[in-house]
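Trainee: Pasted the sequence and its predicted model underneath.
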Amino acid sequence: MLQKQPWHKLSQLLGARGVKADWTGFPENLLKPTNELAETFPCAGRCGGYMDVIKHNDGQHIGVCASGCDKRSLQMKDLIIHYPDTTAIFSGLGQAFGISATSHAIIDGIPACWQIGDYNPSASYRFPVATLFDAQASRIERAIGQLAARYKNPFFFLLPSASAVTQSVQDVALRNGCKVFAYEDLIEFTNNSIHVRGMAANMLAEISAGWIKHIDGAPGETRYPTPAGAKWEDFVLEFTADEMITVSCKGQGHKQFSAEDLQMRDKRTKKPKKAWTFLQAMAAANGNMSVSDIDKVKKTKQEVSANLQRVFQIPDDDPIEWSGEDTAYKAKFIVRGGEKLTLSNARKRTA
């Protein structure tokens, strides 16, 4: 039997603070005590409201209900205010996005709102992940608008309660480039701990892929799904045919690229550009290509680097370096020519 999820409690209590009686149904190991004592306490009588807590001179605490319910003696331990262990909860949510959420930050100007981190599905794309402890639609919608103005990019917005993800909230999110999830879409509390739901990774990857496609804009522009944190040294490029290379990086699998995919084909003549033959020559030289006159190939090399940086989404690092000592261009990535490419025919093409 599926365990009922407790996350809605986070938005039911004002400020996500209350005595343990307020937190009924919420895991005790996800609560932290404060040094404060409550001035009100849930009434156990017929009214269903709250009692005022009166402290007597003898140190006793008495709950007095304004609705006329019976007075009640209260223990000091029952009056201790508790708040949720946000580090544990946000770390669980962060695992769904593949991020460390131990250093989550409060967002200024939006009450009970935190940024958990950034979802980084590939090298050049980071999508903020924010959460709000609230259940009122008007405040949720206002927060989404404020965050959209700050981020200016698509972002994920997480709410503790599924009932808070109303149609109006989803409409506002759509207009602001945001995707809203309830906690229970991503995590569950079972066996006394937080676990990521199995479908979370695929769900998030599908959404971010759509955002990336929209950001990239022009159809036909190819991008490699470079994993976060990848460097040029992690790439392997191999010519498997005269006009085809196969690329792999850190377990991402193999993906084929043509000269056209790398924007190295002349649109008028339909023939590969000098940039493509330069890359072939690099492959034939196993990534260490001697150059007798750098001025003749410098512009072509710059075009190759720019195209690789765009396709593989590592814009701040040149993939091909010049070594004055060796008078050679050296690739930071592994590049091979395959069986059908030789140094001699590659050099003829760059001439």
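Mentor: Happy to help now that I have it.
Trainee: where do the helices sit along the stretch 201-350 of the chain?
Mentor: 274-284, 294-312, 343-350 (DSSP state H, counting those that start in this stretch).
Trainee: What residues of the second one count as buried?
Mentor: In this case it means helix 294-312. Val297, Thr300, Lys301, Glu303, Val304, Ser305, Asn307, Leu308, Gln309, Arg310, Val311, Phe312 (16 or more other CB atoms under 10 Å). In this view, the C-beta of every residue, glycine as well, is placed from N, C-alpha and C.
Trainee: Now the fourth one: closest residue in space that isn't a chain neighbour?
Mentor: In other words, Glu303. The shortest distance from Glu303 to any non-neighbouring residue, by CB to CB, 6 or more residues apart in numbering, is to Ala275 (4.6 Å).
Trainee: That neighbour and Ile314: what is the separation?
Mentor: 17 Å (CB to CB, to the nearest Å).
Trainee: Give me the pLDDT for the spatially closest residue to Ser323 that is not a sequence neighbour.
Mentor: Among residues not flanking Ser323 along the chain, Lys330 sits closest, at 5.5 Å (CB to CB, 6+ apart). Lys330 is assigned a pLDDT of 95 by the prediction.
Trainee: Might one say that Lys330 is in contact with Asn286?
Mentor: No: in this structure Lys330 lies outside contact range of Asn286 using CB atoms under 8 Å: 10.2 Å.
Trainee: The one helix or strand Glu188 maps to: partners in the sheet, and parallel or antiparallel?
Mentor: Assigned by DSSP states H and E, Glu188 falls within strand 187-190. With DSSP bridges as the test, strand 187-190 is paired with strand 193-196 (antiparallel).
Trainee: what's around Lys270, how many residues?
Mentor: Other residues within reach of Lys270, judged by other CB atoms under 10 Å, total 9.
Trainee: Show the contacting residues for the residue nearest to Gly177 when sequence neighbours are not counted.
Mentor: Setting aside the residues directly before and after it, Gly177 is nearest to Pro154 in space (CB to CB, 6+ apart), at 4.4 Å. With contacts defined as CB atoms under 8 Å, 6 or more residues apart in numbering, Pro154 is in contact with Phe127, Gly177, Cys178, Lys179, Ser208, Trp211, Ile215.
Trainee: Please repeat the previous calculation with a cut-off of 6 Å.
Mentor: By CB atoms under 6 Å, 6 or more residues apart in numbering, the residues touching Pro154 are Phe127, Gly177, Trp211.
Trainee: out of the residues you listed, which is most surrounded?
Mentor: Among these, Phe127 has the most neighbours (other CB under 10 Å), with 22 neighbours.
Trainee: how near is the residue nearest to Gly177 to Ala182?
Mentor: From Pro154 to Ala182 the distance is 19 Å (CB to CB).
Trainee: Please name the bridge partners of the residue nearest to Ser323.
Mentor: Going by DSSP bridges, Lys330 forms beta bridges with Asn288, Glu321.
Trainee: residues in contact with it?
Mentor: By CB under 6 Å, 6+ apart, the residues touching Lys330 are Asn288, Glu321, Ser323.
Trainee: now those in TSV, with distance to Thr24, neighbour count and pLDDT?
Mentor: As requested, the contacts of Lys330 are exported to TSV (distance: CB to CB, whole Å; neighbours: other CB atoms under 10 Å; pLDDT from 0 to 100):
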residue	distance to Thr24	neighbour count	pLDDT
Asn288	69	13	94
Glu321	63	13	95
Ser323	69	12	92
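Trainee: Include distance to Ile62 when you put those into CSV, please.
Mentor: Output for these, formatted as CSV (distance: CB to CB, whole Å):
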residue, distance to Ile62
Asn288, 85
Glu321, 78
Ser323, 83
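Trainee: Now the phi/psi pair for Thr24, please.
Mentor: With angles defined as degrees, to the nearest 10, Thr24 sits at phi -50, psi 130.
Trainee: And the pLDDT at it?
Mentor: Note for Thr24: predicted pLDDT of 90.
Trainee: re earlier: wait, which of the contacts of Lys330 is closest to Gly48?
Mentor: Closest approach to Gly48 among the contacts of Lys330 (CB to CB): Glu321, at 72.5 Å.
Trainee: if I look at that closest one, how far off is Ile106?
Mentor: Using CB to CB, one gets 43 Å for the distance from Glu321 to Ile106.
Trainee: Okay, strands next: where are they in the stretch 51-200 of the chain?
Mentor: Assigned strands in the stretch 51-200 of the chain, in chain order: 61-64, 72-74, 80-84, 105-106, 113-122, 125-132, 155-159, 178-182, 187-190, 193-196 (criterion: DSSP state E, counting those that start in this stretch).
Trainee: ok, Pro128 - contacts?
Mentor: Gln115, Asp118, Tyr151, Phe155.
Trainee: if I pick the first one, what's in contact with it?
Mentor: This points to Gln115. Ala105, Ile107, Pro128, Ala130.
Trainee: Apply 8 Å and report the result again.
Mentor: By CB under 8 Å, 6+ apart, the contact set of Gln115 is His104, Ala105, Ile107, Pro128, Val129, Ala130.
Trainee: Turn these into JSON lines, including pLDDT and distance to Ile54.
Mentor: Shown next, in JSON lines, are those (pLDDT from 0 to 100; distance: CB to CB, whole Å):
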{"residue": "His104", "pLDDT": "86", "distance to Ile54": "38"}
{"residue": "Ala105", "pLDDT": "90", "distance to Ile54": "40"}
{"residue": "Ile107", "pLDDT": "95", "distance to Ile54": "38"}
{"residue": "Pro128", "pLDDT": "94", "distance to Ile54": "46"}
{"residue": "Val129", "pLDDT": "96", "distance to Ile54": "44"}
{"residue": "Ala130", "pLDDT": "96", "distance to Ile54": "41"}
